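Chemist: sequence and predicted model, in that order:
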Amino acid sequence: MSQHKVIFTPSGIRATAAPGDTVYDVALAAGVDMQSICGGQGLCGRCQIELQPGEYAKFAVTVAEDHLAPFTDSETRAQSRGRLAPGRRLACRAGICGDVVIDVPASSQAHAMSISKASTGFTTALAPAVQLHMVQLPRPELDDNPSDAESLITALAGLGVTARVDPQVLPKLQPLLAQNDRELIAVVRDGALVVDLWAPSGDHAYGAALDIGSTSLALYIYNLDSGDLVHQAATMNPQIRYGEDVMSRVSYVMMNKGGEALLTAEIRKGVAAMIADGAHALGISAAQILELVVVGNPIMHHLFLGINPVELGQAPFTLAVKDWVEMPAGGFDMGLPPPARVQMLPLIGGHVGADTTGAYLTQMGRMAGRSVLLVDIGTNAEIVLTHGGRVAACSSPTGPAFEGAEISSGVRACPGAIERVRIDPATGAVRVRLIGAEEWVADTDDLSAIRIAGICGSGIFEVMVELASAGFLEPSGLFRAEAAPHRFEPDGEDGRSWKYLLLPRPDAPIYITQRDVRAVQLAKAALAAGAQLLIDHLGCDALDEVLLAGAFGTHLDPAYVADIGIVPGARADQITIIGNAAGMGAAMCLTNTAEKARIIEAVRHIEKVETAIAPAFQDYFVAGMPFPTAPAVVGGETSGRGRRNRNRDK
């Protein structure tokens with residue numbers, strides 16, 4: 001079977017392709033950074049590449065135009081919609097028929113992300129599962145000669161610890177006693193089992209809390225002796241190259257034999273790298289990290305455990321397991337020592353996962369006895385409501401629009417992404433602020449000198465509210481091009497729809513299209529419908545507070561959350577941003593074993609509401625589509641400017 005040479009520029013990575021391989025297949029296998037938010041299904045248009053024909057003596061290849069298979073229907077559609085630049089191909093559709101040199105443009109490369117995992121605070125007693133006990137054993141005598149294991153058990157009992165010794169640590173026992181004058185440190189888990197033995201030293205035991213998000217991973221390392229958070233880090237979830245959202249990853253598993261094993265290996269490899277980096281930064285051995293407590297949505301949860309998630313891709317969305325899970329870390333191949341243990345918080349059901357239970361754990365005291373809505377906005381929003389002594393939860397299929405996907409100029413939160421937007425209602429003039437920059441950028445500035453990656457989730461919220469409040473959108477979401485003719489241009493082949501010029505960037509202007517508006521409307525309506533179903537289910541007349549959790553929520557301005565209408569009737573002063581509550585829920589269980597029992601019991605009493613079969617969902621979905629701040633249309637004319645919040649230049 002013939003192999004074709006594949007050379008990627010500018011990275012210089014070399015690979016080979018077998019018959020039937022696409023450029024995307026080879027790029028994934030070779031570790032080439034390449035964007036894709038649809039899992040290589042030819043939908044998103046982000047994996048654009050350019051074939052470089054010619055003679056390449058350096059690589060000993062000759063590249064011809066026909067060394068890539070002919071254009072596909074997907075590429076033709078992308079080109080007709082203006083999503084595929086002239087001279088480019090979609091890597092996921094371009095089959096390799098000969099030796100090729102492939103250029104991956106900067107716009108197609110997966111740049112480093114700017115991930116905010118600001119954490120909510122929590123208070124809990126320090127009572128970790130793993131505790132260290134230093135003991136000195138008596139020297140044996142001929143007439144009083146118990147085994148050293150018996151002596152260790154007796155010494156621990158003298159400290160109030162009734163424990164047995166794991167047989168796997170026995171080979172360490174006598175050498176440590178001989179080398180350290182009969183002194184050692186017993187590592188005891190759950191107050192009942194000696195899981196390791198250390199030489200006497202000032203070393204501490206550590207544990208880690210891990211939040212596995214669809215987009216990013218957040219790791220928090222704690223000193224279990226002091227309860228101090230000593231290291232935290234966030235990075236991109238390496239599974240993202242196989243699909244931007246969880247359902248596209250389920251699709252990848254369905255369409256690729258062994259896909260679940262590949263995605264499991266990817267996530268564990270990513271976690272292993274974070275743990276190794278954390279240990280190095282702290283100057284400790286990874287052998288000192290003895291507990292890992294994990295949260296994640298149901299599909300991330302199952303893939304981390306090595307469970308095929310396909311049942312979650314179709315009704316009735318049956319989980320393989322939803323109870324608290326504990327497993328030895330050895331089987332995960334993440335660089336943790338043999339005594340280490342992996343634990344995962346319980347799931348609620350369907351697509352309401354351990355990340356939700358973790359977030360709820362951190363807010364249980366705040367929500368008890370009140371009417372409080374807890375929302376984790378993501379590609380699948382998860383919502384919890386407390387009211388009248390009851391708790392209910394649901395998930396709502398918001399899709400990836402809030403995170404930049406399905407938006408023509410949308411990007412994830414990366415340096416140079418637009419995160420804040422202001423539009424002058426009188427002139428249509430625009431100012432934006434970019435991630436990584438303090439100064440605002442005006443549309444009259446020299447934009448050729450400024451790297452603008454696109455618009456991320458918080459910027460998408462703000463631009464929609466600003467367009468509506470300025471009167472450039474009708475409540476229905478239709479553009480009002482006549483309100484600012486100089487900012488609107490015809491869009492599409494028939495010119496029957498409009499696009500708004502946000503920034504006149506010389507090389508690639510940034511527009512907001514009618515399709516973008518519709519994608520946001522669908523997302524916000526789904527979230528609003530899910531929230532309203534919970535409100536109905538518990539008979540809640542009014543909310544005391546709305547809590548927004550998660551990395552995405554961290555970037556949001558409560559004023560824009562209120563104005564876009566994702567939570568029915570919520571005011572800005574009722575909305576509180578609480579950061580990465582899910583990860584902190586894992587940290588609570590890590591640092592205090594009583595929290596584990598508390599959340600296991602609490603989950604038993606959460607009422608799961610299934611939005612997919614709720615008769616009222618469609619009605620609430622339709623009701624959630626309009627933009628509340630857009631001026632009403634009366635007799636074909638608007639009734640004036642829409643409602644605007646104040647203090648938006650912060």
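Modeler: Noted; the coordinates are in hand.
Chemist: specify the local secondary structure of residue 123.
Modeler: Per DSSP: H, G, I helix; E, B strand; the rest coil, the secondary structure class of residue 123 is coil.
Chemist: what residue spans form the domains of this protein?
Modeler: Following automatic domain parsing, one gets these domains for the chain: 4-108, 130-198, 206-344, 354-400+521-623, 401-512+634-638.
Chemist: tabulate those domains (JSON lines), appending distance to residue 122 and mean pLDDT.
Modeler: C-beta here means a position set from N, CA and C on the backbone, and glycine is covered the same way. What follows is the domains of the chain, written out as JSON lines (distance: least, Cβ to Cβ, whole Å; pLDDT from 0 to 100):
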{"stretch": "domain 4-108", "distance to residue 122": "33", "mean pLDDT": "88"}
{"stretch": "domain 130-198", "distance to residue 122": "19", "mean pLDDT": "93"}
{"stretch": "domain 206-344", "distance to residue 122": "11", "mean pLDDT": "92"}
{"stretch": "domain 354-400+521-623", "distance to residue 122": "5", "mean pLDDT": "91"}
{"stretch": "domain 401-512+634-638", "distance to residue 122": "25", "mean pLDDT": "87"}
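Chemist: now render these as CSV, adding distance to residue 124 and mean neighbour count.
Modeler: What follows is those, written out as CSV (distance: least, Cβ to Cβ, whole Å; neighbours: other Cβ atoms under 10 Å):
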stretch, distance to residue 124, mean neighbour count
domain 4-108, 38, 18
domain 130-198, 16, 15
domain 206-344, 9, 20
domain 354-400+521-623, 4, 21
domain 401-512+634-638, 30, 19
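Chemist: the closest residue to residue 515 other than its chain neighbours and residue 68: what is the separation?
Modeler: Of all residues not flanking residue 515 in the chain, residue 408 sits nearest, at 6.8 Å (Cβ to Cβ, 6 or more residues apart in numbering). For residue 408, the distance to residue 68 equals 26 Å [Cβ to Cβ, to the nearest Å].
Chemist: and if you look at residue 163?
Modeler: Taking Cβ to Cβ, one finds residue 163 at 65 Å from residue 68.
Chemist: kindly report the same for residue 314.
Modeler: 35 Å.
Chemist: sec struct for the residue nearest to residue 515, please.
Modeler: coil.
Chemist: for it, grab phi and psi.
Modeler: Residue 408 adopts backbone torsions of phi -60, psi -40, taken as degrees, to the nearest 10.
Chemist: now for it: which residues touch it?
Modeler: Each residue near residue 408 by Cβ atoms under 8 Å, 6 or more residues apart in numbering is listed here: 83, 499, 511-513, 515-516.
Chemist: for the protein, identify the residue most remote from the centre.
Modeler: Distance from the centre of the chain peaks at residue 143, with 63.4 Å (Cα atoms, centre = their mean).
Chemist: who's in contact with it?
Modeler: Residue 143 makes contact with no residue, according to Cβ under 8 Å, 6+ apart.
Chemist: now do it against residue 210, distance only.
Modeler: 52 Å.
Chemist: gap between residue 45 and residue 149?
Modeler: Distance, residue 45 to residue 149, using Cβ to Cβ: 65 Å.
Chemist: is it fair to say residue 520 lies in a helix?
Modeler: Yes - under three-state DSSP, residue 520 sits within a helix.
Chemist: so what's it scoring on pLDDT?
Modeler: On pLDDT, residue 520 comes in at 91.
Chemist: test my guess that it contacts residue 465.
Modeler: No - using Cβ atoms under 8 Å, residue 520 makes no contact with residue 465, being 10.1 Å away.
Chemist: list residues touching both of those two?
Modeler: Common neighbours of residue 520 and residue 465, counting by Cβ under 8 Å, 6+ apart, are residue 564.
Chemist: for the stretch 551-650 of the chain, just list every one of the strands.
Modeler: 575-579, 606-608, 633-634, 637-638 (DSSP state E, counting those that start in this stretch).
Chemist: quick one: contacts for the nearest residue to residue 453 once chain neighbours are set aside?
Modeler: Spatial nearest neighbour of residue 453, excluding adjacent residues (Cβ to Cβ, 6+ apart): residue 416 at 4.0 Å. Applying Cβ under 8 Å, 6+ apart, we find residue 416 in contact with 434-436, 451-453.
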